[in-house]
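Peer 1: Have a look at this prediction, sequence included:
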Amino acid sequence: MALELRPNCEFCDIDLPPDSPDARICTYECTFCASCVETELRNVCPNCGGGFEKRPIRPVQEWRPGLSLARRPASTTRHHLAYDRSDMSAFSARVSAIPPHLR
Ligand SMILES: [Zn+2]
Ligand SMILES: [Zn+2]
């Protein structure tokens with residue numbers, strides 16, 4: 001199983017191609033852009049309550065057999081947040097004061 005490289009921010013829907021330095025993920029691979037994580041989500045995943053980290057960039061070149069972006073392509077399934085802004089804000093307010101490693 002490889003990390004699912006999702007194509008968009010779940011909140012603002014901006015494109016996050018596999019080589020984007022702005023993609024952020026939680027441990028469940030919920031994917032958002034850096035701007036939304038900082039300004040809207042306050043480092044709280046609205047789906048699971050976890051924190052975010054920068055999504056690693058999968059090598060384009062096949063350095064080892066079978067492992068490259070071409071062999072393990074990015075997902076094309078766009079995800080959209082199931083919660084509205086007010087729900088998300090209330091959730092972030094409840095959780096964001098607790099550091100991710102103590103949640
Ligand atoms: Zn976004
Ligand atoms: Zn999550």
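Peer 2: Alright, I've got the coordinates. Ligands and ions are numbered 1, 2, ... in the order given.

Peer 1: Relative to residue 66, how far out is the residue nearest in space to the middle of the chain?
Peer 2: Nearest to the geometric centre of the chain sits residue 31, at 2.0 Å (C-alpha atoms, centre = their mean). As judged by C-beta to C-beta, to the nearest Å, residue 31 and residue 66 stand 24 Å apart. Any C-beta I mention is one placed from the backbone N, CA and C, and that applies to glycine too.

Peer 1: hang on, the earlier thing: what backbone torsions are found at the residue nearest to the centre of the chain?
Peer 2: The phi/psi pair for residue 31 (degrees, to the nearest 10) reads phi -120, psi 130.

Peer 1: Pull the number of nearby residues for the spatially closest residue to it that is not a sequence neighbour.
Peer 2: In space, and not counting its chain neighbours, residue 31 is closest to residue 6: 4.1 Å by C-beta to C-beta, 6 or more residues apart in numbering. Other residues near residue 6 come to 22 when the count uses other C-beta atoms under 10 Å.

Peer 1: who's in contact with residue 6?
Peer 2: 16, 29, 31, 74, 75, 77, 78, 79 (C-beta atoms under 8 Å, 6 or more residues apart in numbering).

Peer 1: and what of residue 58?
Peer 2: 2, 3, 5, 18, 68, 69, 72, 74.

Peer 1: Kindly state the pLDDT recorded for it?
Peer 2: Looking at residue 58, its pLDDT reads 97.

Peer 1: so how far is ligand 2 from it?
Peer 2: Distance of residue 58 to ligand 2, computed by C-beta to the ion, to the nearest Å: 20 Å.

Peer 1: where does that residue land in three-state SS?
Peer 2: Using DSSP: H, G, I helix; E, B strand; the rest coil, the structure places residue 58 in coil.

Peer 1: Also residue 101?
Peer 2: Under three-state DSSP, residue 101 comes out as helix.

Peer 1: pLDDT below threshold where in the chain?
Peer 2: By pLDDT under 70, the chain contains no weakly predicted segment.
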